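A.B. asks: from the sequence below, what's the structure:
(one chain, ligands or ions: 2)
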Amino acid sequence: MAETSSRPAPPEVDRQAASQAAVAARRARAAVKASIASREVSPLTVLDRATADPEGVEGRLRVTEFLLSVPAIGTTKMQEALDRLAISPAKRLGGLGRHQRLRLRQFLIERENRTGRQRNRLVVLAGPTAVGKGTVSSYIREHYPDVLLSVSATTRKPRPGEVDGVNYYFVDDAEFDRMIVEGELLEHATVHNAYRYGTPRAPIEKALAAGRSVLLEIDLQGARQVRASMPEARLIFLLPPTWEELVRRLIGRGTEDTAEQQRRLETAKVELAAQDEFDYKVVNHDVAEAAREVVDLMKVRAAPSRP
Ligand SMILES: Nc1ncnc2c1ncn2[C@@H]1O[C@H](COP(=O)(O)OP(=O)(O)OP(=O)(O)O)[C@@H](O)[C@H]1O
Ligand SMILES: Nc1nc2c(ncn2[C@@H]2O[C@H](COP(=O)(O)O)[C@@H](O)[C@H]2O)c(=O)[nH]1
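C.D. replies: Numbers count the residues shown, from 1 in each chain. Ligands and ions are numbered 1, 2, ... in the order given. Below you'll find the predicted structure:
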């Protein structure tokens, strides 16, 4: 009688498959290290990815090989850093405890600030609806006056309390069309399949020329356009602590009807799926803390506290 084909694979086939998987994993880790070394990807982004997926390629990186791939960190600096941060050299990025991870994160930020050839002067803050982009940006405007917060043009109507020229330039469709045709917008997009939003170019160019840092609070489509036209811009993705909290914030804000909330949550899913395109991720647990993380990444000092 003919034998069935469901016999278990012989051990050498298992061994071969395991060794092929190990080679593929080694190659993937080497690619991550090469992209850190060539500054294609920020070490902070790699650390964030390791945190999000401890068993993924970034999570499996040993902390030693991770640090050694950061430009200008050699064996001595790496060992000093691990001693100072109280992290065992045997650890993998995905296996760091919360405090170790926070210490390593702070170490990388301080290092970037010290060795950074240039401040991240043009920074884009994006993220799903109701994550708190507007709240965090307003906090930055109030507490970090060195940063210019760009005021967008929009065709949506003002919400109660919103002021023309402060929150947005509220314009009609004809004016928005004119701004596009005259090349006045750095980027523009129809957001949530509803209204149009765009970033006026002139104030940004003026501020950058004067050496100021500029923050754009815009959607994913706009972030992609800015990256294409100004590759030196740094892109930050603001994340909610959880999906449920995001929904709570959207409903709690109470500025949209149920249909608009649904539309925004659909866009939110698309935006969340694109988070890995960003240079940095910041979780908005607490407004002041998230704002500080954003400005740390911009390397801007806080205003002296008022008496
Ligand atoms: N860290 C936080 N903790 C609790 N609530 C927050 C936090 N940050 C923002 N919120 C609240 O969440 C709601 C949404 O915030 P906000 O309007 O700033 O979001 P947004 O990302 O700008 O939204 P959209 O993209 O829809 O304009 C607001 O009611 C705000 O007060
Ligand atoms: N592409 C752009 N998106 C922008 C701009 N200004 C704001 N936005 C985004 O629109 C949504 C909705 O804002 P809301 O004030 O109606 O709640 C939000 O995601 C903003 O980030 C812009 O100039 N360009």
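A.B. asks: are stretch 254-271 and ligand 2 in contact anywhere?
C.D. replies: No. Applying CB under 6 Å from any ligand atom, one finds stretch 254-271 separated from ligand 2 by no less than 7.4 Å. In this view, the C-beta of every residue, glycine as well, is placed from N, C-alpha and C.
A.B. asks: give the contact list for Ala130.
C.D. replies: Going by CB atoms under 8 Å, 6 or more residues apart in numbering, Ala130 touches Pro240, Leu246, Arg249, Leu250, Arg253, Arg264, Ala268.
A.B. asks: ramachandran coordinates for the fifth one?
C.D. replies: So the one you mean is Arg253. phi -60, psi -40 (degrees, to the nearest 10).
A.B. asks: not counting residues beside it along the chain, what's closest to it?
C.D. replies: Computed as CB to CB, 6 or more residues apart in numbering, the closest residue to Arg253 that is not its neighbour in sequence is Ala130, at 6.0 Å.
A.B. asks: near ligand 2, which residues of the stretch 101-250 of the chain show up?
C.D. replies: Residues of the stretch 101-250 of the chain found near ligand 2 (CB under 6 Å from any ligand atom) are 129, 133, 152, 156, 187, 189, 191, 197-199, 217-219, 221-222.
A.B. asks: just the ones in helices from those, please.
C.D. replies: Of those, the ones assigned to helices by DSSP state H are Lys133, Gln221, Gly222.
A.B. asks: quick check: closest non-adjacent residue to the last one.
C.D. replies: This points to Gly222. Glu187 (4.5 Å).
A.B. asks: what about the one you found, how many neighbours?
C.D. replies: 23 (other CB atoms under 10 Å).
A.B. asks: my guess is it contacts Asp219, does it?
C.D. replies: No. Look at Glu187 against Asp219 with CB atoms under 8 Å: they stay out of range, at 9.5 Å.
A.B. asks: which residue ranges form the helices in this structure?
C.D. replies: So, for the chain - with DSSP H - the helices run 11-37, 43-52, 63-69, 75-85, 98-115, 133-143, 173-181, 201-209, 220-229, 243-253, 258-273, 287-298.
A.B. asks: need phi/psi at the closest residue to Pro241 other than its chain neighbours.
C.D. replies: Leaving aside its chain neighbours, Pro241 sits nearest to His285 (5.3 Å; criterion: CB to CB, 6+ apart). For His285, the backbone dihedrals are phi -80, psi -40 (criterion: degrees, to the nearest 10).
A.B. asks: His285: how many residues sit nearby?
C.D. replies: 12.
A.B. asks: what's the distance between Arg15 and Ala28?
C.D. replies: Separation of Arg15 from Ala28 (CB to CB, to the nearest Å) stands at 20 Å.
A.B. asks: these two - which one has more neighbours?
C.D. replies: The neighbour count for Arg15 versus Ala28, taken as other CB under 10 Å, is higher for Ala28 (14 against 11).
A.B. asks: thanks a lot, see you next time.
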